[in-house]
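K.L.:
Structure for this input, please:
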Amino acid sequence: MIAPLVTFFLALMVVCAIFALRVPDLLAAVVTFGAFSFFSAILFALLGALDVAFTEAAVGAAITTVFFVSAIYRTDREVD
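P.N.:
This is a model prediction of the structure:
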């Protein structure tokens, strides 16, 4: 019963990883990386590793995404 959900979230993670590598805009890549971390946290929760899922959700999906987005907004996007 859990195997189809695990396969579904693994597929979503692969799609997010490929999209994050292929997208030319850094902000879209960071948001996609945040979605990847969120799907990873759900996968860990489905597998029974709730402590790892909580850590991944807090660090990967929340804090890292906020830091990357704030860094993108604080840098200049123009090339010299």
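
K.L.:
What about residue 34, how many residues nearby?
P.N.:
20 (other C-beta atoms under 10 Å). (Glycine included, C-beta is placed from N, CA and C.)

K.L.:
Find the nearest non-adjacent residue to it, please.
P.N.:
Distance criterion C-beta to C-beta, 6 or more residues apart in numbering; nearest residue to residue 34, sequence neighbours excluded, is residue 65 at 3.7 Å.

K.L.:
Which secondary structure state is assigned to that neighbour?
P.N.:
Following DSSP: H, G, I helix; E, B strand; the rest coil, the label given to residue 65 is helix.

K.L.:
ok, and residue 69, which helix or strand is that part of?
P.N.:
helix 64-74 (DSSP states H and E).

K.L.:
Can you dump the C-alpha atoms of the helix or strand residue 6 falls within in CSV for me?
P.N.:
Here residue 6 sits within helix 3-22, counting by DSSP H and E. What follows is helix 3-22, C-alpha atoms only, in CSV (Å, rounded to 0.1, in the frame of the first residue of the first chain):
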residue,chain,number,x,y,z
ALA,A,3,5.0,1.3,-2.3
PRO,A,4,3.0,3.3,-4.9
LEU,A,5,3.3,6.4,-2.8
VAL,A,6,7.1,5.9,-2.4
THR,A,7,7.4,5.4,-6.1
PHE,A,8,5.3,8.5,-6.8
PHE,A,9,7.4,10.7,-4.5
LEU,A,10,10.7,9.3,-5.9
ALA,A,11,9.4,10.2,-9.4
LEU,A,12,8.6,13.7,-8.2
MET,A,13,12.0,14.1,-6.8
VAL,A,14,13.6,13.0,-10.0
VAL,A,15,11.5,15.5,-12.0
CYS,A,16,12.4,18.3,-9.6
ALA,A,17,16.1,17.4,-9.8
ILE,A,18,16.1,17.4,-13.6
PHE,A,19,14.1,20.7,-13.7
ALA,A,20,16.4,22.4,-11.2
LEU,A,21,19.4,21.5,-13.3
ARG,A,22,17.9,22.6,-16.6
